[in-house]
Structure formats: structure tokens, C-alpha cells
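Chemist: what shape does this take:
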Amino acid sequence: MKINQQAFLTAWNNQKLVRGALKAAHVRVDYTNYEDLFQEGILIYAEMLTKLADKKRSEVDRLSFRKIIWHTIDLLRKKQRQSEEEIAFDSLTEATLMTNWNNQLVLKGELVRMNEIERLVFINHLIGGQTISALAQEAHVSRVQLQRSKHNLLIHLREILEK
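Modeler: A predicted model of the protein is given here:
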């Protein structure tokens with residue numbers, strides 16, 4: 001949504017409302033992302049002033065205050081969820097580090113026994129992240145054949161790694 005200049009200036013001059021909303025959302029001034037959240041709040045307030053220009057200013061302020069609080073809480077929840085996922089991933093990585101050594105030894109032995117297409121799928125697609133379509137063009141092999149090889153390779157590796 002577009003914000004008109006007058007609404008932005010009004011929002012900027014009424015920073016107290018935005019800071020109060022951040023305080024109500026329990027965001028401390030010394031929080032590292034406080035300024036980012038403050039700027040988001042200013043933009044939301046200006047957007048609400050533009051959108052609700054026909055309503056009384058006190059009602060717009062009340063609605064803007066609530067919207068800033070909920071938007072801030074949503075952003076904080078997203079940030080918390082991301083950090084929890086990173087922590088879970090890090091702990092998972094640490095826990096599997098020991099088993100990875102054993103798995104690497106098994107995979108090195110299997111890599112020697114793989115045919116050329118399986119090796120191509122394993123190295124370029126599974127490890128390198130290259131798409132099957134791009135790999136098919138590069139290797140001059142049909143995409144279906146590569147997908148079938150990938151499926152069979154994954155089943156074979158799963159059986160070996162579960163032993």
C-alpha cells in the first residue's frame with residue numbers, strides 16, 4: 001500500500017505512539033532489533049493513517065497501536081522460531097557428527113562400487129544440489145533414467161547405512 005507524505009510525517013512526529021506500542025509488546029529499548037521494529041511501526045502507523053483517513057484521529061491511533069503491537073509480536077515469534085530451528089539443527093548436527101564419520105567410511109567404500117550414473121547422481125545431485133533436469137542435459141541421459149537411478153541408489157544407501 002502506498003503511504004502519502006503527510007501520513008508519514010504525522011507518524012514520524014508521533015513516535016510516542018509507536019514507542020508505546022513496542023513497550024506494550026515488551027520490546028526493550030536495548031534490544032538489538034529495536035530500531036528495525038520501530039521503523040516497521042512507523043510504516044504501519046503511516047499506512048493506517050493513509051488507509052483510514054476518513055476516520056477520527058483518536059480511532060486511527062487506537063487501531064494503529066493495536067496493529068503495531070500484533071505485528072511486532074508476529075515478527076518476534078518468527079525470529080524466535082528461526083532461532084529455535086537453528087538451535088535444533090545445530091544440536092542435531094553435533095549429535096550426528098559421530099555417526100557421520102562411520103557413514104563417511106561406508107559411503108567411500110560404496111562410491112567405488114557405484115556405476116557412472118549413480119556416481120553422477122550421488123555427487124552432483126545429492127551432495128552438490130544440482131537439479132535432475134540440469135544433470136540429465138549435462139550427462140545426455142534421460143531425466144526418468146536419472147530419477148530411477150536416484151531412487152534405487154537411495155534405497156541401496158539406506159539399507160547399507162542402517163546395518
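Chemist: CA only for contacts and neighbour counts going forward, please
Modeler: Fine.
Chemist: residues contacting residue 137?
Modeler: For residue 137, no contacting residues are found, by CA atoms under 8 Å, 6 or more residues apart in numbering.
Chemist: okay, and it sits in which element?
Modeler: helix 132-139 (DSSP states H and E).
Chemist: try residue 35
Modeler: Under the criterion DSSP H and E, the helix or strand holding residue 35 is helix 34-51.
Chemist: for the helix holding residue 137, give the mean pLDDT please.
Modeler: Helix 132-139 carries an average pLDDT of 87.
Chemist: can I get the next helix or strand after it in PDB? Just the C-alpha atoms.
Modeler: Moving toward the C-terminus from helix 132-139, the next helix or strand (DSSP H and E) is helix 143-162. Taking C-alpha atoms only, helix 143-162 is exported to PDB below (Å, rounded to 0.1, in the frame of the first residue of the first chain):
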ATOM      1  CA  ARG A 143      15.600 -37.400 -16.700                       C
ATOM      2  CA  VAL A 144      13.500 -40.500 -16.000                       C
ATOM      3  CA  GLN A 145      16.500 -42.700 -16.000                       C
ATOM      4  CA  LEU A 146      18.300 -40.400 -13.600                       C
ATOM      5  CA  GLN A 147      15.300 -40.300 -11.300                       C
ATOM      6  CA  ARG A 148      15.100 -44.100 -11.300                       C
ATOM      7  CA  SER A 149      18.800 -44.400 -10.600                       C
ATOM      8  CA  LYS A 150      18.400 -41.900  -7.700                       C
ATOM      9  CA  HIS A 151      15.500 -43.900  -6.300                       C
ATOM     10  CA  ASN A 152      17.400 -47.200  -6.400                       C
ATOM     11  CA  LEU A 153      20.600 -45.500  -5.100                       C
ATOM     12  CA  LEU A 154      18.800 -44.000  -2.100                       C
ATOM     13  CA  ILE A 155      17.200 -47.400  -1.300                       C
ATOM     14  CA  HIS A 156      20.600 -49.100  -1.500                       C
ATOM     15  CA  LEU A 157      22.300 -46.500   0.600                       C
ATOM     16  CA  ARG A 158      19.600 -46.600   3.200                       C
ATOM     17  CA  GLU A 159      20.000 -50.400   3.500                       C
ATOM     18  CA  ILE A 160      23.800 -50.100   3.900                       C
ATOM     19  CA  LEU A 161      23.700 -47.200   6.400                       C
ATOM     20  CA  GLU A 162      21.100 -49.000   8.600                       C
END
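Chemist: fine, thanks again, bye for now.
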